[in-house]
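> Here's my sequence, what's the structure:
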Amino acid sequence: MNKEKIKKAYNELAESYNKLIDHKPHNAYYDRPNTLNLFKDVENKSILDAACGPGKYAEILLSKGSQVTGFDLSAEMIKFAKQRNVNQGTFFVHDLSKPLTMIKDESFDYVLCALALHYLEDWNLTIKEFHRVLKPNGQLIISIEHPFFEYNYFQSTEYFKTEPVKCVWTGFGRPIEINSHRRPLNDCIAPLTENGFYIDKLVEPKPLKEFEELDKKHYKELNEFPAFMCIRAVKKQETIAKKTNDNNA
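Down below sits the predicted model:
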């Protein structure tokens, strides 16, 4: 089962991931700055960090005065998230594909989900839950692997098919197999627009200059073709209005 493989892989690499995450180029100088730029004012805002890993995003957001709740499938990642953010934030183990039954409706100003949705075969339940826990006008900030990059990287032959894929990561110590799902662009956008969101901004990011000092090869490649995609989606007001009308009917 892919979920068990994913959990096992992240539990095994959690320690090295946590040690390297502050300056690992693809994270520190590509994904994070571009994703964080999608946030507006976060001071005194409540943020759900879905699939929070070792809590690096949480650390940054907490330092800006927000209140952060984070969860991750990996118990080891949660251990490091708690250590990184001592006496700050709330962190717990939870499966991204399962309902957030412990969280009340309209609890958060933002939901963040960075580089994690590709581990799910079907996004719909998860996106519906993100919509439910967001306040009116709440924003969903996500980063994902770019569907065109994945199509080429995994040498797929059926673009329109959502399919299981795997690769071997070598940047966190010993090689480790990572299982995920590749999907077309439509299947990245439709779960948002069909479950109560509109796309406010979509970014095909470029790396920061600091990336070049650590990895010239990938810096050049990422300036020629994106590997990730960052999206800001907003909870639709008409959806909220419809719910109110239905309740009053």
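> ok, longest strand in the chain?
Secondary structure assigned by DSSP state E gives strand 134-145 as the longest strand of the chain.
> Enumerate residues external to stretch 192-202 that contact any of its residues.
Stretch 192-202 has contacts (C-beta atoms under 8 Å, 6 or more residues apart in numbering) with 38, 124, 127-128, 131, 139-140, 189, 229-236, 239. (Glycine included, C-beta is placed from N, CA and C.)
> List buried residues within these.
38, 127, 131, 139-140, 189, 229-236 (16 or more other C-beta atoms under 10 Å).
> was I right about residue 42 contacting residue 65?
Yes - taking contacts as C-beta atoms under 8 Å, residue 42 lies within contact range of residue 65: 7.0 Å.
> Can I get stretch 86-99 in PDB, CA atoms only?
Presented in PDB, the C-alpha positions along stretch 86-99 are these (Å, rounded to 0.1, in the frame of the first residue of the first chain):
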ATOM      1  CA  VAL A  86       9.200  24.400  21.500                       C
ATOM      2  CA  ASN A  87       6.200  25.800  23.400                       C
ATOM      3  CA  GLN A  88       4.800  27.200  20.200                       C
ATOM      4  CA  GLY A  89       2.100  25.800  17.800                       C
ATOM      5  CA  THR A  90       0.100  22.600  18.100                       C
ATOM      6  CA  PHE A  91       1.300  19.500  16.200                       C
ATOM      7  CA  PHE A  92      -0.300  16.100  15.900                       C
ATOM      8  CA  VAL A  93      -0.200  12.900  13.700                       C
ATOM      9  CA  HIS A  94      -2.900  12.700  11.100                       C
ATOM     10  CA  ASP A  95      -3.400  11.300   7.600                       C
ATOM     11  CA  LEU A  96      -4.000  14.000   5.000                       C
ATOM     12  CA  SER A  97      -6.500  11.700   3.200                       C
ATOM     13  CA  LYS A  98      -8.700  11.400   6.200                       C
ATOM     14  CA  PRO A  99     -11.400  13.900   7.500                       C
END
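> now what about that stretch, what contacts it?
Contact partners of stretch 86-99, identified using C-beta under 8 Å, 6+ apart, comprise 3, 50-52, 55, 58, 62, 67-75, 78, 81-82, 85, 100, 102, 113, 116-117, 119-120, 122, 125-126, 129.
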